[in-house]
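Student: Structure for the following, please:
(2 chains)
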Amino acid sequence: MKHACHYASRLASDSLDRPLTLWERIRLKLHLSICNNCKNCDNNLKLMRQINELMRINDYGHIRLSEQQLKHLHQALDSDTKA
Amino acid sequence: MNNPDNPHAWLKEHGDYLYRYAMSRLHNEELAQDMLQETLLAGWKGYDKFAGQSSIRTWLVGILKHKIIDYIRREIRGRNLKDAVESDPTSAFFNANGSWSEAPNAWKENPEDLCKNEQFHKTLELCISRLPEKQQLVFRMRDIVGEDTPTVCKCCDITSTHLHVLLHRARLTLRKCLNMHWFEKGTDS
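Tutor: Next up is the predicted model:
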């Protein structure tokens, strides 16, 4: 199929943002089953997505505002809400 | 101070939550603090618009989201990336017959380790900051901030098809950049 890998990479990217149509899913699946390069690309894109998701969820689960930051924020709010 | 409808009370009750939310998207303490401050203030000024249909926390997160998006937009514009042409780089990754000009390889590292790796963060940020303006904006909104596609389309005033095109370009370019500066390079260098 002409432009198969280019098109497959587009479908792989799109699948991160919208549900693919049945026909698109079949085409992508078929292509990935015979093309190692595209399988790698698909996995790479999924990994990038996963890392960004994890960074949002995990990374800062433990942090809190410091006393100093709280003090600064309360002061800033005071001066702005009274202005 | 006992009135739950004032920014000081919100800061006490939701400050840490909002701060974490901002940090996980901006990765910068000072900036996250500024965004939090602006959010609490905007909430206070616009409190009459809060209809009480959602919790106050959800409402404040909504304000914070917009503040972050506004910030990202301003920041990227300010860098004047216009010269980086919004041409289609994806064609450069493929031969005329549509096969890969440079075969992608498998990435072995696992995401849990990578997302905790400071050095990887820096590499990722570097690669993102090299993207042209529009691609960078939509990629940051969609994959870093985690907005849904209708919100990104609305914020950037583009159709969903255009969004898919831009994200495809951004992701393939990033994939290549990360491959070159991280995965092929080896983790410890």
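Student: now the helices: where do they sit in chain B?
Tutor: B:7-26, B:29-45, B:56-78, B:111-114, B:118-129, B:133-139, B:149-156, B:160-178 (DSSP state H).
Student: helices or strands up against the longest one?
Tutor: Under the contact criterion of 3 or more C-beta pairs under 8 Å, 6 or more residues apart in numbering or on different chains; DSSP states H and E, helix B:56-78 touches helix B:7-26, helix B:29-45, helix B:133-139. For every residue, glycine as well, the C-beta is placed using N, CA and C.
Student: one more time with 10 Å, if that's ok
Tutor: helix B:7-26, helix B:29-45, helix B:133-139, helix B:149-156 (3 or more C-beta pairs under 10 Å, 6 or more residues apart in numbering or on different chains; DSSP states H and E).
Student: who wins for proximity to residue A:17 among the helices of chain B?
Tutor: helix B:149-156 (5.1 Å; C-beta to C-beta).
Student: Look up how far residue A:37 lies from the closest residue to chain A within chain B.
Tutor: At 3.1 Å from chain A, residue B:98 is the closest residue in chain B, using C-beta to the nearest C-beta. For residue B:98, the distance to residue A:37 (C-beta to C-beta, to the nearest Å) stands at 11 Å.
Student: same question, residue B:137
Tutor: Counting by C-beta to C-beta - residue B:137 and residue A:37 are separated by 29 Å.
Student: Looking at the two, which has the bigger crowd around it?
Tutor: Counted by other C-beta atoms under 10 Å in any protein chain shown, residue B:137 and residue A:37 do not tie: residue B:137 has more neighbours, with 24 against 17.
Student: Quick check: pLDDT value at the more buried one.
Tutor: pLDDT, residue B:137: 90.
Student: Which residue is the nearest non-sequential neighbour of it?
Tutor: Leaving out its chain neighbours, the residue that sits closest to residue B:137 by C-beta to C-beta, 6 or more residues apart in numbering or on different chains is residue B:76, at 5.5 Å.
Student: picking that back up, using a markdown table, lay out the helices of chain B together with distance to residue A:44.
Tutor: A markdown table is the format used below for the helices of chain B (distance: least, C-beta to C-beta, whole Å):
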| stretch | distance to residue A:44 |
| --- | --- |
| helix B:7-26 | 23 |
| helix B:29-45 | 29 |
| helix B:56-78 | 24 |
| helix B:111-114 | 11 |
| helix B:118-129 | 13 |
| helix B:133-139 | 15 |
| helix B:149-156 | 21 |
| helix B:160-178 | 5 |
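Student: ok, and for stretch B:40-56, which residues are buried?
Tutor: Using 16 or more other C-beta atoms under 10 Å in any protein chain shown as the test for burial, stretch B:40-56 gives B:40-44, B:56.
Student: centre of the chain versus that stretch, how much separation?
Tutor: From the chain centre to the centre of stretch B:40-56 is a distance of 24 Å (C-alpha atoms, centre = their mean, to the nearest Å).
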